[in-house]
Structure formats: structure tokens, C-alpha cells
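Colleague: Fold the following for me, if possible:
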Amino acid sequence: AGAVAATVFATGVDFAALHWPYEPGQRTEQKVTYTNTGDTPVTLDLTVEAPTAPAGLFTLTSDQVTVPAHGTSSVTVHAELDRMADEDGYAYATVVGAGPAGTPRLHTLVGLDKKGQRVGLTVTTKDRSGSGLPGQVLLKDITRDVVPQLYEVDESGRLDLQVRPGTYSILMHAEVPGVHGAHSVGRAVLVAPEIVVGDDARTVTLDARTLRQVSAVTPQRTSLAGLGMHYFRSYPDRYRLSDNYLLDPRYDSLWATPTGRKVEQGSFTLGFRWSMIQPPLTVQGKGGQYDDLRMQSGSEIGPQGRHELDAVFVAGSTPADVAGARVGGK
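Modeller: Okay, the predicted model is just below:
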């Protein structure tokens with residue numbers, strides 16, 4: 001008996017992923033090949049053990065195989081696709097080959113990865129001039145307990161996806177011009193909290209031309225010390241999406257798109273939280289105040305009081321430029 005086990009071995013198989021749509025009664029198949037390196041033929045009784053798979057999903061073309069000496073024999077494993085749900089799923093089974101007296105000899109694992117229905121979802125993004133807006137898009141299927149997917153959108157402003165029918169939430173982060181001149185940067189939050197995808201392809205547009213500035217109004221002049229963004233989307237009896245982060249201090253303004261209406265499935269919240277402090281430093285010169293100052297992290301707070309200083313503009317950046325501008329004491 002030991003010699004038989006040592007002379008026969010089998011190759012495992014994994015079914016290729018099969019994509020929707022399926023034909024009724026469609027099935028897929030793969031072969032399990034047994035190799036005999038011994039000098040005598042070996043006969044194996046074959047069975048399928050699949051305690052976690054749908055009943056009848058895996059079947060064999062034969063319940064017995066004889067492997068010739070120094071040769072090979074194969075048996076085909078069929079998978080009946082109609083026995084699996086029309087959703088993404090994976091199933092596995094073990095093909096057991098038993099030798100004389102029913103003693104198990106070989107265990108070959110087989111598996112099936114089935115991909116359910118997919119529908120085209122196109123996300124187009126536009127900046128304030130109508131061109132493509134690059135950024136990051138967070139897509140969440142709120143009707144299923146699945147992990148959110150993060151995608152990059154390039155300057156073309158187009159993202160083509162294949163998704164399962166259901167209800168989706170879209171959150172996009174992008175950079176837009178700020179409010180303090182050509183070199184300032186603002187942060188845009190573009191949202192589409194409820195996108196219902198049916199059997200037909202759908203296109204969703206995120207348009208920065210609809211952005212509105214979000215700001216905090218205080219009774220006295222303040223400086224921004226921190227800004228948080230909070231995005232919440234839920235669906236009954238499903239794991240909620242909660243995306244919270246602090247805004248990078250290099251952004252001087254925050255913008256968001258109106259949603260237009262309340263969601264009909266679950267709940268949705270888009271919130272912002274400011275940390276406003278008394279300005280640690282204000283600068284005023286001829287021509288007005290500089291209200292977009294940022295304190296470098298770790299800087300000490302300077303002495304209190306009002307100081308009048310002479311300022312000088314240095315047109316270049318070389319040592320000669322600095323010396324020529326006569327900056328000493330200014």
C-alpha cells in the first residue's frame with residue numbers, strides 16, 4: 001500500500017475566472033492528471049468532497065481512473081455555474097483518489113472564482129474652465145460590505161470603471177486655485193453621495209464650476225490653526241464609510257460642491273471643523289494687510305507689541321542681489 005502511494009501523484013487545478021453574462025446551463029471544466037512513476041498500473045476510486053460549496057457544483061466525468069505504469073490518466077472536473085449565486089464568489093472542493101480497500105491516497109484541490117454582473121460606470125471631472133480635473137476619487141459600494149476603492153484621475157478627467165449594480169457614493173479630492181493670488185492653492189471636495197447603477201451603463205460628472213467656498217465666520221480677526229474634513233455615508237445593516245482627515249496647511253481655502261438633494265438610501269453627512277486662533281503675527285504695509293500668513297510648525301511665539309519696520313524688496317536671489325539691495329537693518 002505504501003508503494004502505491006509513493007508512485008502516483010496528481011496535479012491540482014484552479015478554474016479560470018468566468019465573467020458575466022452567463023448562458024443558462026453554462027459550465028466550465030478542468031482536468032486533473034494523475035501520473036504513475038511505478039512499474040504496475042494503479043486504479044483509483046474518485047470522489048468529490050465539497051462541504052462548503054453549493055450542492056452539485058462540482059462533478060466528475062468518471063468515478064474511477066486507472067493510471068498505467070510509467071504513464072498518466074486524467075479525469076475532468078465540471079463546474080455547473082447555475083448553482084452559484086449571481087454575485088462574486090469563490091468555491092472549492094477536493095478530488096479524493098482512493099486506492100485498494102478504499103484507503104485515501106491523493107487529495108487534489110480544485111477551485112472556482114465566479115465574477116458576477118458588471119456595468120460600466122464612467123466618472124468625468126471638470127475644472128473651473130471645463131477641462132479635465134485631476135485628483136483622487138474614492139468609490140464606495142454602500143449596499144455591500146466591501147472596502148472602498150481609491151482611484152487616480154489624470155488630466156483627461158475621465159475614469160472608466162466596471163462595477164456591480166447597486167448604490168454608490170463618490171468622494172473626490174482635488175487641487176484648485178486658492179484665494180490669495182496665482183500661487184495659492186485651494187482644496188476642493190466634490191461629492192456624488194448617491195449614484196444608483198442598474199443594468200445600463202452610467203456616467204457621473206463632477207464639475208468644479210459648481211464649487212462653493214466653505215469658510216468659518218468669526219466676530220474678530222483670526223488665523224487658521226487647523227481644518228478637518230468629515231465624510232460619512234451609511235446604509236441600513238451595512239458597514240458605514242467614514243473618511244476623516246486634517247487638511248494640509250498649505251491650502252488657503254476649502255471648496256465643496258452642493259449635493260442638490262437629500263439621499264434616499266441611508267444617511268449622508270459632509271462636515272468641516274475649524275480651529276481658529278488669535279493671529280500670532282499680523283503684517284501690514286503700504287497696500288494693505290497680509291492675511292494669508294502661516295506659522296512654521298515649531299516656531300516660538302514672538303514678543304507682544306506693535307513694531308514698525310522698514311522692508312526692502314530683493315529682486316534676485318544671489319548674494320550680489322541681496323548685497324545690492326542694502327538689506328542691513330531692514
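
Colleague: Residue 233 sits in which helix or strand?
Modeller: In this structure, residue 233 sits in strand 223-234 according to DSSP states H and E.

Colleague: typed the wrong thing, it's residue 264
Modeller: Taking DSSP H and E as the criterion, no element holds residue 264; it sits outside all helices and strands.

Colleague: What residues sit buried inside stretch 271-291?
Modeller: In terms of neighbour count (16 or more other Cβ atoms under 10 Å), stretch 271-291 has its buried residues at 274, 276. Just so you know, the C-beta spots here come from the backbone N, C-alpha and C atoms, and that holds for glycine as well.

Colleague: Kindly report the same for stretch 53-67.
Modeller: Neighbour-count burial for stretch 53-67, with 16+ other Cβ under 10 Å as criterion, is recorded at 53, 57, 58, 60, 65, 67.

Colleague: Stretch 200-216 now?
Modeller: Quick answer for stretch 200-216 (16+ other Cβ under 10 Å): 204, 206, 208, 211, 214.

Colleague: what's the lowest-pLDDT member of those residues?
Modeller: When it comes to pLDDT, residue 214 is the least confident member of the buried residues of stretch 200-216, at 93.

Colleague: Now do the contacts for it.
Modeller: Contact analysis of residue 214 by Cβ atoms under 8 Å, 6 or more residues apart in numbering lists 254, 255, 256, 272.

Colleague: okay, among the residues you listed, which ones form the most distant pair?
Modeller: By the measure Cβ to Cβ, the contacts of residue 214 have their two most distant members at 255 and 272, which lie 10.8 Å apart.

Colleague: hang on, the earlier thing: want to try CSV for the buried residues of stretch 200-216, with secondary structure as columns?
Modeller: Formatted as CSV, the entries for those read as follows, by DSSP: H, G, I helix; E, B strand; the rest coil:
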residue, secondary structure
204, strand
206, strand
208, helix
211, coil
214, strand
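
Colleague: Could you export those residues to CSV, including columns for distance to residue 240?
Modeller: Formatted as CSV, the entries for those read as follows, by distance: Cβ to Cβ, whole Å:
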residue, distance to residue 240
204, 21
206, 22
208, 27
211, 26
214, 23
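
Colleague: nearest to residue 166, of those residues?
Modeller: The shortest distance between residue 166 and any of the buried residues of stretch 200-216, using Cβ to Cβ, involves residue 204 and amounts to 13.9 Å.

Colleague: I figured that closest one was touching residue 122, is that so?
Modeller: Yes. Contact between residue 204 and residue 122 holds when scored by Cβ atoms under 8 Å: they sit 7.2 Å apart.

Colleague: what is the rounded mean pLDDT of the strand holding residue 233?
Modeller: In this model, strand 223-234 carries a mean pLDDT of 89.

Colleague: Helices along the stretch 51-200 of the chain, start to end?
Modeller: Ranges of helices in the stretch 51-200 of the chain, per DSSP state H, counting those that start in this stretch: none exist.

Colleague: Under the pLDDT cut-off, which ranges of it? List them.
Modeller: Judged against pLDDT under 70, the low-scoring parts of the stretch 51-200 of the chain cover residues 104.

Colleague: Tell me the spacing between the residue lying closest to residue 68 once chain neighbours are set aside and residue 61.
Modeller: Once its chain neighbours are removed from consideration, residue 68 has its nearest residue in residue 41; the separation is 5.2 Å (Cβ to Cβ, 6 or more residues apart in numbering). Plainly put, residue 41 is 20 Å away from residue 61 if you go by Cβ to Cβ, to the nearest Å.
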